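Engineer: Sequence plus the predicted model coming up.
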Amino acid sequence: DQQVKQNSPSLSVQEGRISILNCDYTNSMFDYFLWYKKYPAEGPTFLISISSIKDKNEDGRFTVFLNKSAKHLSLHIVPSQPGDSAVYFCAARLPYSSASKIIFGSGTRLSIRP
Amino acid sequence: ETGVTQTPRHLVMGMTNKKSLKCEQHLGHNAMYWYKQSAKKPLELMFVYNFKEQTENNSVPSRFSPECPNSSHLFLHLHTLQPEDSALYLCASSQYWGLAVSRDTQYFGPGTRLTVL
C-alpha cells in the first residue's frame, strides 16, 4: 500500500502557463515533504521542501502548498518553461527516523509544450 | 569531480554473472543509500550506511550485497540476479542519516541502468 501517491503519471502544459503537480499521502505522522526533479539519464535532484507546520513554501517560480487536513500537497510552477520538462517525485519523511521512512511517490512526467 | 558519481552507467549481465556497482560521493556526507527504481514504481530504498555502518536493509535478497569501505564509497555486489532485478539503481548521499535536519536533503547519482538477461 503506497503511503505517497502521485495519481497522475503524466501532465502536459503550455509554456508560460502554470503547472500543478499533485501528491496525496496517507500517514499523518509525516513531518516533512520534498519534491525532486529528474531528467532522463540523471539522478533526482532536490527542488523544494516544506515542513508540516507550514502550508506554503515559495522559491522563485516554484511553490509548494500543503493541506494537512486533506493530506494533500501540490507543486506549482509558474511560468512553466521548456526546461521544466522532467519527472517530478514527491517524497515524505517520518520524524527523526531512519531513511527507510523517507517514502517516494511514483512520479509525474511533466511535458512543457511550446 | 563534485557530487555523486556512479559507474558503470549501463550494465548488461547474465543470471550467472557477478558484477559490482560503484558509487562515490565528493560532498563530505556521512550517509549513503542504495535505491532501486523499477518502471512506473516509486523509488525503493535498499540499504543505508551511516558512517560506514549499515543501518538499514529493507528485506533485500542476498543476491544483492552492499559494501561501504569508507564514507565516500559505496558498492553493490551483484550475484545470480533474476530478470526482474532489471532496473535503475540509484546511489544517494546526505549529510545526516535519515535527513535528521530539516534543511538536509539527499543528493543522487545518475544511476546505473541494469539489464539482467
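Structural biologist: It's in.
Engineer: OK, contacts around the closest residue to chain A within chain B?
Structural biologist: Of all residues in chain B, residue B:108 sits closest to chain A, at 3.1 Å by C-beta to the nearest C-beta. Where C-beta positions appear, they are placed from N, C-alpha and C, glycine not excepted. Contact partners of residue B:108, counting by C-beta atoms under 8 Å, 6 or more residues apart in numbering or on different chains, are A:36, A:43-45, B:4, B:35, B:90-92.
Engineer: repeat that with 6 Å
Structural biologist: The contact partners of residue B:108, taken as C-beta atoms under 6 Å, 6 or more residues apart in numbering or on different chains, are A:43-44, B:90, B:92.
Engineer: Please, a ChimeraX command that selects the buried ones among these?
Structural biologist: Per 16 or more other C-beta atoms under 10 Å in any protein chain shown, the buried members of the contacts of residue B:108 correspond to this ChimeraX selection:
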select /A:43,44 /B:90,92
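Engineer: Looking at the contacts of residue B:108, which is nearest residue B:29?
Structural biologist: The nearest member of those to residue B:29, counting by C-beta to C-beta, is residue B:92 at 9.2 Å.
Engineer: where's the most centrally placed residue in chain B, which helix or strand?
Structural biologist: Centroid-nearest residue in chain B, with C-alpha atoms, centre = their mean: residue B:34, separated by 2.6 Å. For residue B:34, the host element (DSSP states H and E) is strand B:31-37.
Engineer: Does anything pack onto that strand? Which helices or strands?
Structural biologist: Packing contacts for strand B:31-37, counted by 3 or more C-beta pairs under 6 Å, 6 or more residues apart in numbering or on different chains; DSSP states H and E, involve strand B:44-50, strand B:87-94.
Engineer: Could I get the average pLDDT for the next helix or strand after the last one?
Structural biologist: Stepping forward along the backbone from strand B:87-94, the first helix or strand reached (DSSP H and E) is strand B:107-108. In this model, strand B:107-108 has a mean pLDDT of 92.
Engineer: Which SSE is immediately downstream of strand B:107-108?
Structural biologist: Next along the chain after strand B:107-108, taking DSSP H and E as the criterion, comes strand B:112-116.
Engineer: quick one: that next one to chain centroid distance?
Structural biologist: Centroid displacement of strand B:112-116 relative to its chain, using C-alpha atoms, centre = their mean, to the nearest Å, is 13 Å.
Engineer: what's the answer for stretch B:30-39, then?
Structural biologist: In terms of C-alpha atoms, centre = their mean, the centre of stretch B:30-39 is found 4 Å from the chain centre.
Engineer: what about residue A:53, neighbour count?
Structural biologist: Applying other C-beta atoms under 10 Å in any protein chain shown, we find 9 residues neighbouring residue A:53.
Engineer: After the helix or strand of chain B with the lowest mean pLDDT, heading C-terminal, what element do we hit next?
Structural biologist: Lowest by mean pLDDT, DSSP states H and E among the helices and strands of chain B is strand B:53-57, with a mean of 77. As assigned by DSSP H and E, the chain's next helix or strand after strand B:53-57 is strand B:64-70.
Engineer: Many thanks, we can stop here.
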